[in-house]
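Colleague: next one to model:
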Amino acid sequence: TGCMLRAQFWPAKLRWLRRTNRALFRRVTRWRSPASWIFDNIFGVGSSSHSMASATGMYNVDAERWDDEMIDRCGIRLQQLDTIGDADRSTKRLREFRDATIFAAIGDGAASNIGSRADRRGTAAINYGTSGAVRIIRSKAVARKQTVPFGLFQYVVDAHRVVIGGAISNAGNLRQWCVRELHVPDEQQALSRTAAAEDSLVVLPFLVRERSPDWPENLYGTFTGLTQTTTATDLLRASETSTFYRLAEILDQIAQQTPVTDVIVSGGILHSAASLRILADSLGRDIRLSRELESSLRGAAVYSLQALGRNVAPLAAGSIIRHNRALARKHRQRRSEQRALQLLLEPAQS
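Modeller: Below is the predicted model:
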């Protein structure tokens, strides 16, 4: 299915609901995403796109339809799921929709890659806002020859492309927690590029249950290396940097299968030049800034226009943040310390 068997996806939710509230489970006539429900009510198009269906964990990527075995294991019927289709005519008898082709919603990640110019070969996208993700688009033909690395996802973009990647639950939300609870006086000043690579603190940034690349569901947020001289500034900087290390692990897994020649960054992180420099050093790569702040919105528009046969002018290339090689070497060592701490604690907390 391209999805992990974890609580984030439909199979775990369906089986949980069937186990804990069987009476309610039996009364359900249709299982659908909020997007399908909204589009049905507004536009009169109730189908689910292949893209959205593939993010449920109930979709067979190779067969391009709902997965029979997963349907059976979840105790539901095929008729309870939306039909799958990427575009349709509206059933609403409104003048505005008379000649309109309505495109079903596509996945936010796929749209973000398209909208940020990260739909080209060898180009990966990093989105860093409240949460974070690393994704790369590749052809279905190539994807069928490769196995999705454990812990990552593979969703459909359209009839010819898929997006592979991983998401982290702790990103900008962790930074905001630090600012709020630690009363950091100047968060930008706290993000010293050199200090980030030389911090003695090792952090597992798991204030929220984490996802990719290894789904450490039994681990919680952890700080080691605290001393009397540790400041709120140190905690903020080490915490944010630790989330970048998670993104670096995902990117490395992707690059083992698909050569990555360009990395485009979008999301709220674009408002912090200091964070962007530390991100580049943590990845050990130069990064390119997206010129589109709302990459998912632009991507949804570009996707629809291209499906209609329209030519869309490419987004201009953004500026580049160069990584510091000396600092990148230090970050690689700190990444290994983070992995070692996680391995040390996993048996104790599992």
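
Colleague: give the buried residues for stretch 259-269.
Modeller: For stretch 259-269, burial by neighbour count (16 or more other C-beta atoms under 10 Å) applies to 260, 262-269. Every C-beta, even on glycine, is put in place using the N, C-alpha and C of the backbone.

Colleague: what's in contact with it?
Modeller: Applying C-beta atoms under 8 Å, 6 or more residues apart in numbering, the contact partners of stretch 259-269 are 112, 116-118, 120, 122-130, 132, 136, 172, 251, 254, 275-276, 279, 283, 285-290, 292-293, 295, 318.

Colleague: filter these down to just the ones in strands.
Modeller: Per DSSP state E, strands hold the following members of these: 123-128, 132, 136, 287-289.

Colleague: on that earlier part again, among the buried residues of stretch 259-269, which two are most distant?
Modeller: Using C-beta to C-beta, the buried residues of stretch 259-269 span at most 22.7 Å, a distance reached by V260 and G268.

Colleague: what does the domain assignment say about this structure?
Modeller: The record assigns the chain these domain ranges, following automatic domain parsing: 10-103, 107-350.

Colleague: so for the shortest one, what's the average pLDDT?
Modeller: Along domain 10-103, the predicted local confidence has a mean pLDDT of 95.

Colleague: cool, the last one as well?
Modeller: In this model, domain 107-350 has an average pLDDT of 95.

Colleague: who's in contact with the residue nearest to S49 when sequence neighbours are not counted?
Modeller: With sequence-adjacent residues excluded and distances taken as C-beta to C-beta, 6 or more residues apart in numbering, S49 is closest to A104, at 3.8 Å. Contacts here follow C-beta under 8 Å, 6+ apart; on that basis A104 touches 35-36, 39, 45, 47-49, 52, 85-88.

Colleague: pull the contacting residues for S51.
Modeller: 86, 105-107, 110, 155-158.

Colleague: need phi/psi at T230.
Modeller: Backbone torsions for T230, taken as degrees, to the nearest 10, come to phi -70, psi 130.

Colleague: likewise for T222?
Modeller: phi -140, psi 130.

Colleague: quick check: buried residues in stretch 92-111?
Modeller: 92, 97, 102-111.

Colleague: just stretch 339-346 next, same as before
Modeller: Buried positions in stretch 339-346, judged by neighbour count with 16+ other C-beta under 10 Å: 341-342, 345.

Colleague: contact partners of that stretch?
Modeller: Contacts for stretch 339-346 (C-beta under 8 Å, 6+ apart): 202, 204, 214, 216, 218-219, 222, 224, 249.

Colleague: now swap in stretch 80-96 and tell me
Modeller: Stretch 80-96 is contacted by residues 28-32, 36, 43-51, 53, 58-59, 64-66, 71, 97, 100-104, 158-159, 307 when judged by C-beta under 8 Å, 6+ apart.

Colleague: let's see it as CSV, backbone CA atoms only.
Modeller: This file holds the C-alpha atoms of stretch 80-96, laid out as CSV (Å, rounded to 0.1, in the frame of the first residue of the first chain):
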residue,chain,number,x,y,z
GLN,A,80,-18.5,1.5,1.6
LEU,A,81,-15.5,3.3,0.0
ASP,A,82,-15.5,6.1,-2.6
THR,A,83,-15.1,5.4,-6.2
ILE,A,84,-11.6,6.3,-7.3
GLY,A,85,-11.3,9.0,-10.0
ASP,A,86,-9.2,12.1,-10.5
ALA,A,87,-11.7,14.3,-12.2
ASP,A,88,-15.4,14.4,-13.0
ARG,A,89,-18.3,16.6,-13.9
SER,A,90,-20.4,18.2,-11.2
THR,A,91,-23.8,16.8,-10.3
LYS,A,92,-24.8,20.2,-8.9
ARG,A,93,-27.2,22.0,-11.3
LEU,A,94,-25.5,25.4,-10.8
ARG,A,95,-24.5,27.7,-13.6
GLU,A,96,-21.0,28.1,-12.3
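
Colleague: so which residues of the chain form strands?
Modeller: In the chain, strands defined by DSSP E lie at 59-60, 65-66, 87-89, 101-103, 123-128, 132-139, 153-156, 161-168, 202-204, 222-224, 262-266, 287-289, 320-321, listed in chain order.
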